[in-house]
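[1] Below are the sequence and a predicted model for it; my questions follow.
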Amino acid sequence: MWNKLSHDKWTIIYRSKVSNKAIYNHEHADLLHFMIEYDDIQILIDSGRSSYKFNDVHFDAFKSQYHNSVTIDKLSYQPEYSKYFPNDYYHSKFDVAVKQDNEILKVTFNGTGFNRIDRMIQFRREVILTNKYLLITDISMSPHTHIIDNYFHISKEFFYDLDNEVLTNKVNNLTIKYSGKCKFLSQDNKLTNGSEKYGEIYKKSVLHSTEKIDSNRKIINKFEII
């Protein structure tokens, strides 16, 4: 199930329900993924998938790295392939909590999918929308340090203004300031491939970071309208 919520000029679309990964399906690794629009302008997007052919350049687009999501120790929130391991390996709890008032919209993703790496992780992702900014905080409850990779896929309508260090959509006159550890991937990286139509590929920008996470280190990323 997918939910769509709005706050001020922002819209967030996210998946709110987990399925049984021990059976074959066509689902993507997108439980922690969300899409963002501002004033009906797409900002953080879904990569789509141009082909289900194993040798296609976009075959891997179901993986977490192609979503506005994370991996921990190079593993997705849930195993990428079903039927490889005992059923218990796929079992996890997942829920989404929503809090909204006049000032903010807060969507919190809670799950145990990464607990197969470390039982104490109890991963939490908080997404906060105010009238001016989007704030994403990734949290691990474990005292043990792990490596977290963050990915944000930017609409092809935006370009990066290197001089001013902002994302700009000239058509809609929208400028966004990003704050965090992410850097743009080279356009040669296959993660910059997107698809809006089966069999077709286009290029987009992708922000990526590799950081350390534990109970004393939260990962924070911010997109601010300026």
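    Looks like it arrived, so ask away. Just so it is clear, the structure is predicted and the values come from calculations on it, not from any experiment.

[2] Let me know the distance separating the most centrally placed residue in the chain from residue 102.
    For the chain, the residue nearest the mean C-alpha position is residue 68 (1.8 Å; Cα atoms, centre = their mean). According to Cβ to Cβ, to the nearest Å, residue 68 and residue 102 sit 26 Å apart. C-betas here are computed from N, CA, C, even on glycine.

[3] do residue 72 as well
    Noted for residue 72: a distance of 35 Å to residue 102, by Cβ to Cβ.

[4] which of those two has more neighbours?
    Each of residue 72 and residue 102 has its neighbours counted (other Cβ atoms under 10 Å); residue 72 has more, 22 against 7.

[5] The more buried one reaches residue 147, doesn't it?
    Yes. The pair residue 72 / residue 147 is scored as a contact, 7.0 Å apart, by Cβ atoms under 8 Å.

[6] Output the lowest-mean-pLDDT helix or strand in the chain as CSV, nothing but the C-alphas.
    Sorted by mean pLDDT, DSSP states H and E, the helices and strands of the chain end with helix 87-90, the least confident at a mean of 70. Extracted C-alpha coordinates of helix 87-90, given in CSV (Å, rounded to 0.1, in the frame of the first residue of the first chain):
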residue,chain,number,x,y,z
ASN,A,87,11.7,-18.1,5.7
ASP,A,88,12.8,-16.7,9.1
TYR,A,89,15.6,-14.7,7.4
TYR,A,90,13.0,-12.6,5.5
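
[7] Where does pLDDT dip in this structure?
    18-29, 51-54, 56-57, 81-84, 89 (pLDDT under 70).

[8] any residues in contact with both of residue 72 and residue 147?
    Here residue 72 and residue 147 share the contacting residues residue 213, scored by Cβ atoms under 8 Å, 6 or more residues apart in numbering.

[9] ok, the most far-flung residue of the chain relative to its centre to residue 79 distance?
    Using Cα atoms, centre = their mean, the residue of the chain lying farthest from its centre is residue 86. It sits 27.2 Å away. When distance is defined by Cβ to Cβ, residue 86 is 11 Å away from residue 79.

[10] And residue 58, by the same measure?
    Counting by Cβ to Cβ, the gap from residue 58 to residue 79 is 21 Å.

[11] who has more neighbours, the two?
    residue 58 (22 against 18).

[12] you'd agree the more buried one is up against residue 191?
    No. In this structure, residue 58 is not within contact of residue 191 by Cβ under 8 Å, at 10.3 Å.

[13] The least confident helix or strand of the chain: how far from the chain's middle?
    Distance, stretch centre to chain centre, for helix 87-90: 24 Å (Cα atoms, centre = their mean, to the nearest Å).

[14] ditto for stretch 101-111
    With Cα atoms, centre = their mean, you get 16 Å for stretch 101-111.

[15] ok so, going back, tell me the spacing between the residue farthest from the centre of the chain and residue 176.
    Distance of residue 86 to residue 176, computed by Cβ to Cβ: 44 Å.
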